[in-house]
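**Q** model this:
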Amino acid sequence: MSDTNPEITQDANASLSIAQAQALVDAWIKTVGVRYFSELTNTAVLMEEVGELARLMSRSYGDQSFKAGEKQGPEALGEEMADVLFVLICLANQTGVDLTEAFTRSMEKKSKRDADRHKNNPKLG
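**A** Next up is the predicted model:
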């Protein structure tokens, strides 16, 4: 599409860092989305998106069946996961959270806290 802003497009085959994703979403919001929804609205939207992902997961891997015409498969799962990620990035951007830093801290915390926990869990053996 010729009117696409090159600042908000991403090569589908290129790697994308978390910081780049935050910048990409911010550029999109400011050029296409006009402005961020309020934090409370985006929290509700995040819950909606997680619900859509949960619905798809319950039909793909759980006991529920798909209705005629419902999207399914890895592409549909990826689309729903990406929707969750988009809204989560919106919330991070508008609240000043650096997701790269936060994720790094979270991984360090989990690595220390759970160093032996899962290895010693008989349910996982």
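**Q** tell me the contacts of the residue nearest to residue 88 when sequence neighbours are not counted?
**A** What sits nearest to residue 88 in space, not counting adjacent residues and going by Cβ to Cβ, 6 or more residues apart in numbering, is residue 46, at 6.2 Å. All C-beta spots, glycine's among them, are computed from the backbone N, C-alpha and C. When the contact criterion is Cβ atoms under 8 Å, 6 or more residues apart in numbering, the partners of residue 46 are 84, 87-88, 91.
**Q** among those, who's most crowded?
**A** Neighbours were tallied for each of the contacts of residue 46 (criterion: other Cβ atoms under 10 Å), and the maximum of 21 neighbours falls on residue 87.
**Q** element containing it?
**A** When secondary structure is defined using DSSP states H and E, the element that contains residue 87 is helix 74-95.
**Q** Can you point out the buried residues in that helix?
**A** Of the residues in helix 74-95, those buried by neighbour count under the rule 16 or more other Cβ atoms under 10 Å are 76-77, 80, 83-84, 86-94.
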